[in-house]
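Participant: After the sequence you'll find the predicted model.
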Amino acid sequence: MRICSTSTRLAIILLISIGCTILTSCSPSSDFKFPGQVINSTGRSDTPDTTQNPDDQTTPANTLTAASLVTSISPEDGAFGVEPSVVVTATFSEPMAAESINNTTFLVYRDFNNIPVEGEVLYDPATNSTAFTPLSNFALTSSFTITISKNIKTVSGVSPIDDFISQFTVREGGWNEAKSLTEHNTNAMPKVVRDIKGNETVEWLIKRPLPSGFCPNPFGWSLVILPDELSVSQYTNGEWSTPQTISSPTSIPHFDITSHDIGIDNAGNIISIWEQNNTIRSKTYTFNTHIWSKENMVSNSSGFDISKSKLAVASTGKTAAIWRKSNESHIYNIYPNYYSPDSGWIKDDTLLPIANGADTISAPDLSINANGSVIAAWAENNKIYANYARSGKLNALNMTEIENIEDDEAKTPKISLNDSDNALAVWINGNNVYSNLFTNETWNPLSTFRVDNLEEPASDPQVVLTNSGNGMAVWIQLDETAEDADRRKHLYARKFAEGEWEDEIHSICHRSTHASAPKIAMADGCDPAVVWVRDNVIWYNYYHLLGEAWDTESKLSQDGHVASEPYIFMSDNCSTSVVWVQDKNIMIKSLE
């Protein structure tokens, strides 16, 4: 065994001593500390460990709220009386990713049906703001909700943790000044349609009465007599066009135009039909080209008495027409035809009647919905019948009696079909107004309901049913509460909601004089409106859906004139047009 030298042993002892000193200095009981370190009473450090574990990839929590990101909104939240032409704008607190702001993340809903309003969304990076411009004016007297989705992103890729929500309400409509579209002439039967952008088309007849004592000369004509004309005037780009004739002149003596009808689709395309020389004729107007088509035959000339035509145009452009036609035995029937924007009118020779045929058939009524479903109603041999087709053609096999009243005379049916394929019909039987509801593609005659509550003669029923299931009927009826000398024909109304008629019946006009010629219009979510004639003046009233009450009637035409034949049309944004004849001129007034 080898023995270490003395010097080596001393070196080992020295190293052991130094090591023990170092270990003692590092012990918890020593006073040594790193700079900034705090030692507690247990000898442990209270200083947090700020070093990051390389395996810890946790992202800091997102605290960006929509309220802090959207610094301003216009209209302001809760704003009332907003202009229907308003552009909705939002400003953000920091630059946004433009591609994240679009029609799926920036929406404006109409509250009554929670359907997004169609419009254009544009982001401006220079101002960090977004503008929503509706394709048409916002609906009058309606509330809207602005929703900015939490799916929008800043340029750094951060999204808010919640949606931004704001609400505003559009003002009530206001009437403009009445305007005359014609100069003194013999004008009659005005009708009007309008699209949601405010473009209006008015159509009317210019009647050319025969001279007194006129008799045809079999050897030629000694007098030059102008035929009746179907005229239109259109309002676009803030101006009314000069009236133009769209009917074709015909040879004497067959020059009478006895009736006409007009309709419009959501694209602003217009279809017109009229009765001339025992035929039904038609022209269409294309909005994009602003051109009327050539004249087309809707019926042929085989009928001995073609009359009582009616037109219905769906929002999609699908169209149906019906009319009454007799044969050589003077038996009447109801004939249809159908128009498609792609293929036009069907050739009349291929069409079959939709009724049984009778010696007494009254003027039919017709309605069509966005699905292309069609429903017609008419009076035949003192009974009310209807015929329905889902997205197809009416067929006589589907003819159904819709009332169960055995006595009196049924007449003047009116019908309205909504997009759920439910329909509401009203008519007169005896002195009273009756109704029935078409649902699940079925009529139940046992459900015939009496709408009025008086025992005096009623007339002129009108009805409308919207897609939300709300409806309204109006009619004229003699007041039984007054003495004979003071009895007047008044205008009454009754609301339909949730599948049934409400209890209350309203008298909606002043009881001093006779009312006549009522017409009603109602669009989904809009207050129903009625016009009528009293004392040679055109009157107007509307029902507040929210307040569930009729307003006070007001005059649309001025005193001192002879006004008649009112007609009303309401577009989907509640804007309304009314036309009438006044001193042989065609007048129009609009609620916008």
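Facilitator: That came through, no problem.
Participant: where in the stretch 251-400 of the chain is pLDDT low?
Facilitator: Residue ranges of the stretch 251-400 of the chain with pLDDT under 70: 251-255, 301-303, 348-349.
Participant: Next: the chain.
Facilitator: Counting by pLDDT under 70, the chain shows low-confidence ranges at 1-60, 209-226, 250-255, 301-303, 348-349, 480-487, 511-512.
Participant: So for residue 167, what's the nearest residue that isn't a sequence neighbour?
Facilitator: Spatially, and ignoring its direct neighbours in sequence, residue 167 is nearest to residue 145 (5.0 Å; Cβ to Cβ, 6 or more residues apart in numbering). Yep, even glycine has a C-beta here, placed from its N, CA and C like the rest.
Participant: Surely that neighbour is within a helix?
Facilitator: No: according to DSSP: H, G, I helix; E, B strand; the rest coil, residue 145 belongs to no helix; its state is strand.
Participant: surely it meets residue 113?
Facilitator: No: the pair residue 145 / residue 113 is not scored as a contact, 11.6 Å apart, by Cβ atoms under 8 Å.
Participant: These two - which one has more neighbours?
Facilitator: Between residue 145 and residue 113, counted using other Cβ atoms under 10 Å, the more crowded position is residue 145 (15 against 11).
Participant: For that one, which residues are in contact?
Facilitator: 108-109, 111, 165-167 (Cβ atoms under 8 Å, 6 or more residues apart in numbering).
Participant: Make a markdown table from those residues and add neighbour count to it.
Facilitator: Converted to a markdown table, the contacts of residue 145 look like this (neighbours: other Cβ atoms under 10 Å):
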| residue | neighbour count |
| --- | --- |
| 108 | 19 |
| 109 | 16 |
| 111 | 13 |
| 165 | 13 |
| 166 | 20 |
| 167 | 16 |
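Participant: now the strands for the stretch 251-400 of the chain?
Facilitator: Using DSSP state E, counting those that start in this stretch, the strands assigned to the stretch 251-400 of the chain run over residues 257-264, 270-276, 279-286, 291-292, 296-297, 305-313, 319-326, 332-340, 344-345, 365-368, 374-380, 383-389, 400-401.
Participant: could you dump those to a markdown table with mean neighbour count?
Facilitator: Shown next, in a markdown table, are those (neighbours: other Cβ under 10 Å):
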| stretch | mean neighbour count |
| --- | --- |
| strand 257-264 | 22 |
| strand 270-276 | 24 |
| strand 279-286 | 21 |
| strand 291-292 | 12 |
| strand 296-297 | 14 |
| strand 305-313 | 21 |
| strand 319-326 | 24 |
| strand 332-340 | 22 |
| strand 344-345 | 18 |
| strand 365-368 | 24 |
| strand 374-380 | 26 |
| strand 383-389 | 23 |
| strand 400-401 | 14 |
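Participant: a markdown table please, covering those strands and showing distance to residue 199.
Facilitator: Listed next are those as a markdown table, based on distance: least, Cβ to Cβ, whole Å:
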| stretch | distance to residue 199 |
| --- | --- |
| strand 257-264 | 9 |
| strand 270-276 | 10 |
| strand 279-286 | 11 |
| strand 291-292 | 15 |
| strand 296-297 | 23 |
| strand 305-313 | 15 |
| strand 319-326 | 19 |
| strand 332-340 | 21 |
| strand 344-345 | 23 |
| strand 365-368 | 21 |
| strand 374-380 | 26 |
| strand 383-389 | 31 |
| strand 400-401 | 39 |
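Participant: and residue 565, which of these is closest to it?
Facilitator: Judged by Cβ to Cβ, the one of the strands of the stretch 251-400 of the chain that comes nearest to residue 565 is strand 257-264, at 12.6 Å.
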